[in-house]
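*Asks:* Sequence isn't available, so here's the structure alone:
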């Protein structure tokens, strides 16, 4: 399958030895939405840098703050136009 609708962000580590990054690139190439994007980060399969934790490889570059998980999530929330639909952003403690 492939993603439909959106918005979607796929994050894949360039040093991932478990899942080939070509799979993520192919998935996004097949996406039938302009609201899908691929972020390739200098990390392995665990994507520690996405949470602000240094990667296992000391030569890996840290992520800039806009690419950290919490910012990506809020960016997707905003991109989905939830505010225009009258939905409220949940607080940090909300399920």
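*Replies:* Looks like it arrived, so ask away. All values reported here derive from a predicted model rather than from experimental measurement. Numbers count the residues shown, from 1 in each chain.
*Asks:* Quick one: low-confidence residue ranges for this structure.
*Replies:* Across the chain, the ranges flagged by pLDDT under 70 are 1-6, 32-33, 76-95.
*Asks:* if we go to 90?
*Replies:* The model of the chain has pLDDT under 90 over residues 1-11, 27-39, 41-95.
*Asks:* Helices along that one, start to end?
*Replies:* Secondary structure of the chain (DSSP state H): helices at 21-30, 69-79.
*Asks:* Run through the residues that contact the residue nearest to residue 62 when sequence neighbours are not counted.
*Replies:* Leaving aside its sequence neighbours, residue 62 sits nearest to residue 49 (C-beta to C-beta, 6 or more residues apart in numbering; 6.1 Å). To be clear about C-beta, it is placed using only N, CA and C from the backbone, and glycine gets the same treatment. Residues counted as contacts of residue 49 (C-beta atoms under 8 Å, 6 or more residues apart in numbering) are 41-43, 55, 60, 62-63.
*Asks:* if we go to 10 Å?
*Replies:* 11, 13, 41-43, 55-56, 60-63, 67-69 (C-beta atoms under 10 Å, 6 or more residues apart in numbering).
*Asks:* Show me what residue 12 is bridged to.
*Replies:* Counting by DSSP bridges, residue 12 is bridged to residue 40.
*Asks:* circling back: looking at the helices of the chain, which is closest to residue 7?
*Replies:* Nearest to residue 7, of all the helices of the chain, is helix 69-79, at 4.3 Å by C-beta to C-beta.
*Asks:* Could you check how far the residue nearest to residue 62 is from residue 60?
*Replies:* Going from residue 49 to residue 60 by C-beta to C-beta, to the nearest Å gives 7 Å.
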